[in-house]
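Q: Please find the sequence and the predicted model below.
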Amino acid sequence: MANDMKKFEDIFVGIWKWDRDENLADAMKKMGYPEEEIKMYCSLKPTITIERRGEEVYMKFDMTKDMAHDCQFKFDEEFETKDNIMKPPTFHNKEVASFKDGVMSFKAKTMLTGPGKVDMHSDMFVKDGELHAHMGPLDDTSYYGNRIFKRA
């Protein structure tokens, strides 16, 4: 595992600033998100900080000046993420992250109900020096939205 963590560290650790979205709003529409939530989410230009903490990964998503979400996890072990800022929360998930062949994947099962509350799958990988964050429904890989980040 130490060798995998070194490879993970070489690829992902650092600060990544939002650069652009591809197909994100359309993917969110297909997943049933309300229009106001799509507009809010697509207006955010987050910065992601990724750190290695021993055998764990720490990720912080700075969404706006006053909004940040963070999580800490071990690969292949379930962890929980929850929106502690918005009322009602926009997400509350049980997730499992994995790292294989240079791709960090997340499978998230939502604990919420209602429009746009779907189980999600996301893959993060670095291509041509950019961090790609593909996201789509867990049970359908035929489409996805993509957020693209550049190293800060």
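A: Happy to help now that I have it. Numbering: from 1, shown residues only.
Q: What ranges does this structure have for its helices?
A: When assigned using DSSP state H, the helices of the chain occupy the ranges 2-12, 24-30, 35-43.
Q: packing partners for the second one?
A: Contacting helix 24-30 under the criterion 3 or more C-beta pairs under 8 Å, 6 or more residues apart in numbering; DSSP states H and E are the following elements: helix 35-43, strand 145-151. The way it works is simple: take the backbone N, C-alpha and C, and place the C-beta from them, glycine included.
Q: And that helix, what's buried?
A: Residues 24, 27-28, 30 are the ones in helix 24-30 that count as buried (16 or more other C-beta atoms under 10 Å).
Q: Quick check: the gap between I48 and D70.
A: Using C-beta to C-beta, to the nearest Å, I48 is found at 10 Å from D70.
Q: where do the contact lists of those two overlap?
A: 59-61 (C-beta atoms under 8 Å, 6 or more residues apart in numbering).
Q: Out of those, which is nearest to S105?
A: Each of those was checked against S105 using C-beta to C-beta; the closest is M59, at 13.5 Å.
Q: Could you report the distance from the closest one to E95?
A: Distance from M59 to E95, by C-beta to C-beta: 11 Å.
Q: D62 is in contact with L44, isn't it?
A: No: with contact defined as C-beta atoms under 8 Å, D62 does not reach L44; the gap is 9.6 Å.
Q: Which one of these two is surrounded by more residues?
A: Taking other C-beta atoms under 10 Å, D62 and L44 do not tie; D62 has more neighbours (19 against 14).
Q: ok, the more buried one - contacts?
A: By C-beta under 8 Å, 6+ apart, D62 lies in contact with 46-49, 68.
Q: Which ChimeraX command selects the buried ones in the residues you listed?
A: Buried residues within the contacts of D62, by 16+ other C-beta under 10 Å, are selected in ChimeraX with:
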select :46,48,49
